[in-house]
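Trainee: Show me the folded form of this:
(one chain, ligands or ions: 2)
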Amino acid sequence: MSQVILDAIRKTYPMGTDNVTVLRDVSLTLKAGESVAIMGPSGAGKSTLLNILGTLETPSDGQVTIDHQDPFSLSEKALAHFRNETIGFVFQDHHLLPQCSALENVLLPTLVSVDRSFAETRARSLLEKVGLSDRLQHKPAELSGGERQRVAIARALINRPTLLLADEPTGNLDRTTADRVVDVMFDLHKAEGVTLVCVTHADSLAQRFDRCLLLIDGSLQSK
Ligand code: ADP
Ligand code: MG
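Mentor: Ligands and ions are numbered 1, 2, ... in the order given. Below is the predicted model of the structure:
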């Protein structure tokens with residue numbers, strides 16, 4: 001379970017001769033094991049915020065602390081290692097490799113690890129937990145949208161991250177399928193004890209989290 005602190009995060013992007021400010025003054029403390037939903041209009045900076053939490057993007061100003069450590073003070077190699085061990089990502093589009101089976105996709109983040117049989121046992125167990133034990137050899141094109149997102153959740157958790165970040169994971173799914181995917185995400189959030197941050201547009205989904213925050217005009221507010 002990760003504890004995360006964002007302190008006065010600002011993010012600007014250069015736009016021609018100008019700068020656009022996407023995040024103005026974002027401060028947020030996530031308790032270990034907490035689940036938080038982030039809502040807000042399109043273009044508000046939700047993905048930018050999630051990418052900074054996930055150490056994929058650097059803030060222009062402010063401090064990020066994950067488990068008492070400033071990840072951006074690490075070397076590029078150490079940061080990649082930290083990210084691989086600490087953070088799991090689920091995106092709106094599943095980002096699965098089309099030529100790989102469900103099982104192979106879940107195993108992708110473990111290719112650097114030595115213990116292959118341990119990794120495969122974990123992958124099979126996760127795919128069972130997301131209800132796909134009879135789909136191990138299916139390629140993404142042979143799976144439904146909800147099944148692909150469940151594979152993506154299993155893949156995000158394969159390295160036992162302590163922080164799970166999901167960016168509109170059910171944005172492309174119908175309501176019933178979305179509910180199933182979210183059930184799976186919450187089951188694993190509880191079973192694995194991961195801190196969970198999820199961007200969503202759906203009120204019904206946001207209500208299931210410990211807290212719901214709204215990103216407006218580059219700042220976070222409680223909803
Ligand atoms: P959301 O996920 O809430 O829809 P984003 O975080 O994707 O919003 O984007 C927020 C704003 O930042 C948008 O106006 C977008 O155009 C801008 N933006 C995002 N990434 C970049 C980038 N790499 N360069 C310039 N502007 C960007
Ligand atoms: Mg987005």
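Trainee: residues touching the residue most central in space within the chain, list them.
Mentor: For the chain, the residue nearest the mean C-alpha position is Leu165 (1.9 Å; Cα atoms, centre = their mean). Each residue near Leu165 by Cβ atoms under 8 Å, 6 or more residues apart in numbering is listed here: Leu50, Leu53, Gly54, Ile87, Gly88, Phe89, Val90, Val197, Cys198. (C-beta placed from N, C-alpha, C; glycine too.)
Trainee: Out of these, which comes closest to ligand 1?
Mentor: Using Cβ to the nearest ligand atom, Leu50 comes nearest to ligand 1 of the contacts of Leu165, at 7.7 Å.
Trainee: helix or strand for the closest one, which one?
Mentor: Using DSSP states H and E, Leu50 maps to helix 46-53.
Trainee: quick one: contacts of that helix?
Mentor: The contact list for helix 46-53 (Cβ under 8 Å, 6+ apart) reads 4, 6, 9, 11, 22-23, 26, 38-40, 57-59, 64, 163, 165, 167, 197, 199, 215.
Trainee: And those, which of them are buried?
Mentor: With burial judged by 16 or more other Cβ atoms under 10 Å, the buried subset of those is 4, 6, 9, 11, 22-23, 26, 38-40, 59, 64, 163, 165, 167, 197, 199, 215.
Trainee: Residue numbers of this protein in contact with ligand 2?
Mentor: Counting by Cβ under 5 Å from the ion, the chain comes close to ligand 2 at Lys46, Ser47.
Trainee: residue of the chain with the smallest distance to ligand 2?
Mentor: Ser47 (3.2 Å; Cβ to the ion).
Trainee: how much space between that residue and Val90?
Mentor: Noted for Ser47: a distance of 13 Å to Val90, by Cβ to Cβ, to the nearest Å.
Trainee: Find residues that contact each of those two.
Mentor: Asp167.
Trainee: who has more neighbours, these two?
Mentor: A count of neighbours by other Cβ atoms under 10 Å puts Val90 above the other of Ser47 and Val90, at 24 against 19.
Trainee: Not counting sequence-adjacent ones, nearest residue to that one?
Mentor: Counting by Cβ to Cβ, 6 or more residues apart in numbering, Val90 lies nearest to Ala166, which is 4.1 Å off, once chain neighbours are set aside.
Trainee: ditto for Thr12
Mentor: Nearest residue to Thr12, sequence neighbours excluded (Cβ to Cβ, 6+ apart): Asn19, at 4.4 Å.
Trainee: quick one: strands adjacent to the helix or strand harbouring that neighbour?
Mentor: With elements taken from DSSP H and E, the one containing Asn19 is strand 18-30. Strand 18-30 has its sheet partners listed here by DSSP bridges as strand 4-15 (antiparallel).
Trainee: From the rest of the structure, what touches the strand it pairs with?
Mentor: Identification of contacts with strand 4-15 by Cβ under 8 Å, 6+ apart yields 19-30, 45, 48-49, 52-53, 57, 59-67, 163, 195.
Trainee: That strand to helix 46-53, inter-axis angle?
Mentor: 120 degrees (axes from the mean of the first three to the mean of the last three Cα atoms, to 10 degrees).
Trainee: got the CA positions of strand 4-15 in PDB?
Mentor: Extracted in PDB, the C-alpha atoms of strand 4-15 (Å, rounded to 0.1, in the frame of the first residue of the first chain):
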ATOM      1  CA  VAL A   4       1.300   9.400  -1.800                       C
ATOM      2  CA  ILE A   5       1.700  13.200  -1.200                       C
ATOM      3  CA  LEU A   6       1.400  15.800  -3.900                       C
ATOM      4  CA  ASP A   7       2.400  19.300  -2.700                       C
ATOM      5  CA  ALA A   8       1.600  22.400  -4.800                       C
ATOM      6  CA  ILE A   9       1.900  20.600  -8.100                       C
ATOM      7  CA  ARG A  10       1.900  22.900 -11.200                       C
ATOM      8  CA  LYS A  11       2.100  21.700 -14.800                       C
ATOM      9  CA  THR A  12       2.500  23.900 -17.800                       C
ATOM     10  CA  TYR A  13       3.000  22.900 -21.400                       C
ATOM     11  CA  PRO A  14       4.700  25.200 -23.900                       C
ATOM     12  CA  MET A  15       2.300  26.200 -26.700                       C
END
